[in-house]
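**Student:** Pasted the sequence and its predicted model underneath.
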Amino acid sequence: MYVPHRLAESLERDLPEVTVTVSSTTRSPVVVMDLPGYAVRHGLTFATHDGADDGKPRFAYNLASGRFDTIVLVLDAATPAGGADELRARLREVCGRLVVARVGVRS
């Protein structure tokens, strides 16, 4: 989470008119209820993208359609090429623009 947080800090500094939030994917399912005041109102489920071969889904929360204009997805070296295709597709469903940054990968 270090790199995404540093990237968010840079975006906040360089684009003060933009609201920046940070979130992460998780292996933990939670109860999603679209009710006013409830903490987790939206959830995405997608195939593993982190190189783990456990066959279990991954989750991302509170990314409701229309909430974000742009999402920056930070992938690390553990994510194989094409490994986050389903996650990318799900994120494209909820935002106008998806930017993917890969860190720790040497070409």
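**Tutor:** Thanks, I have the structure now. Numbers count the residues shown, from 1 in each chain.
**Student:** quick one: the strands in this protein?
**Tutor:** For the chain, the strands defined by DSSP state E cover 43-46, 58-61, 68-75, 95-102.
**Student:** Could you work out which of these reaches nearest to residue 85?
**Tutor:** Of all these, strand 43-46 sits nearest to residue 85, with 9.2 Å by CB to CB. The way it works is simple: take the backbone N, C-alpha and C, and place the C-beta from them, glycine included.
**Student:** which helices and strands does that closest one pack with?
**Tutor:** strand 58-61, helix 85-92 (3 or more CB pairs under 8 Å, 6 or more residues apart in numbering; DSSP states H and E).
**Student:** which one of these lies closest to residue 10?
**Tutor:** Of all the helices and strands packed on strand 43-46, it is helix 85-92 that lies closest to residue 10, at 20.5 Å by CB to CB.
**Student:** low pLDDT regions in this protein?
**Tutor:** 50-52, 105-107 (pLDDT under 70).
**Student:** redo that, cut-off 90
**Tutor:** Flagging of the chain using pLDDT under 90 yields the residue ranges 1-3, 47-56, 64-66, 76-84, 102-107.
**Student:** related to what we said a few turns ago, figure out which of the strands of the chain is closest to residue 87.
**Tutor:** Ranking those by proximity to residue 87 (CB to CB) places strand 43-46 first, at 4.8 Å.
**Student:** how about the strands of the chain in JSON lines, adding mean neighbour count?
**Tutor:** Below are the strands of the chain laid out as JSON lines (neighbours: other CB atoms under 10 Å):
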{"stretch": "strand 43-46", "mean neighbour count": "17"}
{"stretch": "strand 58-61", "mean neighbour count": "19"}
{"stretch": "strand 68-75", "mean neighbour count": "17"}
{"stretch": "strand 95-102", "mean neighbour count": "13"}
